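Sequence and predicted structure below; questions after.
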Amino acid sequence: MFTHKHIWNVSYPIFLSLLAQNVINVTDTAFLGRIGEVELGASALGGLIYICAFTIAFGFSAGSQILIARRNGEKAFDSIGPVMMQGIFFLFGMAILLFLLIRLFGAPLMHLMVSSEMILEATVEFLDIRIFGLFFAFLNVMFRAFFVGITRTRVLTVNALLMAVTNVVLDYVLIFGHAGFPAMGLKGAAIASVIAEAVSILFFVLYARFTLDTKKYGLNRIHAIDFHLLRRILSISVFMMLQYFISMSTFLFFFIVVEHIGQRELAVANIVRSIYIVLFIPVNALSTTANSLVSNAIGAGAVDKVTGIIKRIAGLSFAIMAVCAAVFCLVPEAILSIYTNSPALIADSVPSIYTISGAMLICAVGSVVFNGVSGTGNTRTALLLEVITLVFYCVYVYIIGMKLKMPVHICFTSEVIYFGSLCLLSALYMKKGKWRNKKI
């Protein structure tokens, strides 16, 4: 039903959009890596707290995307707009709530977790500005869910490139102090990211207003809050919201453990995390495609094609990641020099590059299969699989990091535990689980 060409046509705009979006992460880390290790560590911890909040919105949009894709597959196009509008109402309210919670409790929470006073102060300073981006990012993900759900993904590329260019320019101007602006360092990175997200949502709004067939998708009328439809969306999304939040919270737990090992180790972990996210981009794009195509196939009545779709996408994901991992392992110093000009920091980071490169080969398959489970609409099951996996992950990280104080590259072997377990559990569910007749 879906050939490699079709999979690629859906995936590559998502890939390009994710690549451009992650320029924000790469440029922040690269610029701050030339300021100091404290700034690197603070941006890592503050950024992860922000992402933990963001993943709640991303989980809701992922559930909405499944519903949009199902309606698209059923050709019930006029039912898609209401789903998107209810999502926008809900997520804007969530952005207000989470903004207030982080403002009130973010600093006391970090004080309990972070051992270094310098890193603590810098993290709070970064986060106080960065959380303004929630208002833009939460709406952004609903537009992304809409366009991915209807498989019209090329607009994501243009949007993300615009956001990336905005962030790179502003990072250069605000972090180091150019074009008449003062050098703001860590604060400058936070301001640049917020403005880039604002530019992104402005582009989406204008694009939707002037290019979409609003009548076809039911966007030509004002929608009141529909609690019945919202409950239906949440019946799918709530488990994905919990899943993404718990998953990212455990990644924050990983960084808290590393921070207790040492300041240098935290700086290494942040640089390697940035590289890890870049490596994850093609996997993420193909996983998102798997989620959408599985839901579209079920909506079109082609349930028997689902397993084949997942296998085809997983094979493509593994092949791409094998090439990427080989390149990163061949020239790790050259890759690391993008992020820092410190020879000692580069040398200390090389072993972790080898570790995450190996882990990504397992991730390439595991992430696609897991997103196939979510694409069936069985998000409760996906949450259960995630929780089981993360229990093993957290225990492993706590033992090797907090108790044994192992080097960072050994701590990163936790990614092998995570994706290996997730892949196995997801594959078993797709083979034996009751997902074929799921109605959403």
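Cool, got the structure. On a predicted model such as this, the values are computed, not experimentally measured, just so you know.

for the closest residue to Met118 other than its chain neighbours, what are its contacts?
Using C-beta to C-beta, 6 or more residues apart in numbering and skipping the chain neighbours, the partner closest in space to Met118 is Val38 (5.1 Å). For glycine as for every other residue, the C-beta is placed from the backbone atoms N, C-alpha and C. Each residue near Val38 by C-beta atoms under 8 Å, 6 or more residues apart in numbering is listed here: Ser116, Met118, Ile119, Ala122, Gln263.

In helices only, show me those.
Met118, Ile119, Ala122, Gln263 (DSSP state H).

where's the nearest residue to the third one once chain neighbours are set aside, which helix or strand?
With sequence-adjacent residues excluded and distances taken as C-beta to C-beta, 6+ apart, Ala122 is closest to Ala42, at 3.4 Å. When secondary structure is defined by DSSP states H and E, Ala42 falls within helix 37-73.

Beyond that helix, next helix or strand please.
For helix 37-73, the succeeding helix or strand toward the C-terminus, using DSSP H and E, is helix 80-113.

so how far is that next one off the chain centroid?
How far helix 80-113 lies from its chain's middle: 16 Å, per C-alpha atoms, centre = their mean, to the nearest Å.

what packs against it?
When contacts are defined as 3 or more C-beta pairs under 8 Å, 6 or more residues apart in numbering; DSSP states H and E, helix 80-113 sits against helix 37-73, helix 117-130, helix 134-149, helix 227-261.

Run through the residues that contact Pro24.
Quick fix: residue 24 is Ile, not Pro. Contacts for Ile24 (C-beta under 8 Å, 6+ apart) come out as Met163, Ala164, Asn167, Ser193, Ala196.

low pLDDT regions in this structure?
The chain contains residues with pLDDT under 70 at 1-6, 8-23, 222-223, 433, 435-440.

Taking the chain centroid, which residue in it is the extreme one?
Computed with C-alpha atoms, centre = their mean, the residue of the chain farthest from its C-alpha average is Gly180, at 34.3 Å.

Need the three-state assignment for it.
In three-state terms, and counting by DSSP: H, G, I helix; E, B strand; the rest coil, Gly180 is coil.

how much space between it and Val173?
To Val173, Gly180 is 9 Å away according to C-beta to C-beta, to the nearest Å.

can you list residues touching both of those two?
Residues touching both Gly180 and Val173 by C-beta under 8 Å, 6+ apart: none at all.

picking that back up, want to throw the helices and strands packed on helix 80-113 into TSV with distance to Ala30?
TSV is the format used below for the helices and strands packed on helix 80-113 (distance: least, C-beta to C-beta, whole Å):
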stretch	distance to Ala30
helix 37-73	10
helix 117-130	16
helix 134-149	21
helix 227-261	19
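
of the ones you listed, which approaches Phe203 most closely?
Across the helices and strands packed on helix 80-113, Phe203 has its closest neighbour in helix 134-149 (9.2 Å, C-beta to C-beta).

Just the C-alphas of the next helix or strand after that closest one, formatted as CSV.
Sequence-wise, the next helix or strand downstream of helix 134-149 (DSSP H and E) is helix 154-176. Only the C-alpha atoms of helix 154-176 are listed here, as CSV (Å, rounded to 0.1, in the frame of the first residue of the first chain):
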residue,chain,number,x,y,z
ARG,A,154,6.3,20.1,3.0
VAL,A,155,5.2,23.3,4.8
LEU,A,156,6.9,22.0,7.9
THR,A,157,10.3,22.4,6.1
VAL,A,158,9.7,26.0,5.3
ASN,A,159,8.4,26.8,8.7
ALA,A,160,11.3,25.1,10.5
LEU,A,161,14.0,26.7,8.3
LEU,A,162,12.5,30.1,9.1
MET,A,163,12.6,29.3,12.8
ALA,A,164,16.2,28.0,12.6
VAL,A,165,17.5,31.0,10.7
THR,A,166,15.8,33.4,13.1
ASN,A,167,17.4,31.5,16.1
VAL,A,168,20.9,31.4,14.6
VAL,A,169,21.0,35.1,13.8
LEU,A,170,19.6,36.1,17.2
ASP,A,171,21.9,33.7,19.1
TYR,A,172,24.9,35.3,17.4
VAL,A,173,23.6,38.8,18.1
LEU,A,174,22.4,38.3,21.6
ILE,A,175,24.7,35.8,23.2
PHE,A,176,28.0,37.5,22.1
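
Can you point out the buried residues in helix 154-176?
Of all the residues in helix 154-176, those buried under the rule 16 or more other C-beta atoms under 10 Å are 155-157, 159-164, 166-176.

now Ile338: how far from Ala183?
Counting by C-beta to C-beta, the separation of Ile338 from Ala183 is 21 Å.

Leu252 now?
Distance, Leu252 to Ala183, by C-beta to C-beta: 29 Å.

go on, Ile271?
22 Å.

got it, and Ala164?
22 Å.

was I right about Phe60 contacting Leu242?
No - Phe60 is beyond contact range of Leu242, at 10.5 Å (criterion: C-beta atoms under 8 Å).

The two: which has the busier surroundings?
More neighbours surround Phe60 than the other of Phe60 and Leu242, with 26 against 19 (other C-beta atoms under 10 Å).

residues touching the residue nearest to the more buried one when sequence neighbours are not counted, list them.
Nearest residue to Phe60, sequence neighbours excluded (C-beta to C-beta, 6+ apart): Ser237, at 4.5 Å. Going by C-beta under 8 Å, 6+ apart, Ser237 touches Gly59, Phe60, Ser61, Ala62, Gly63, Ser64, Thr379.
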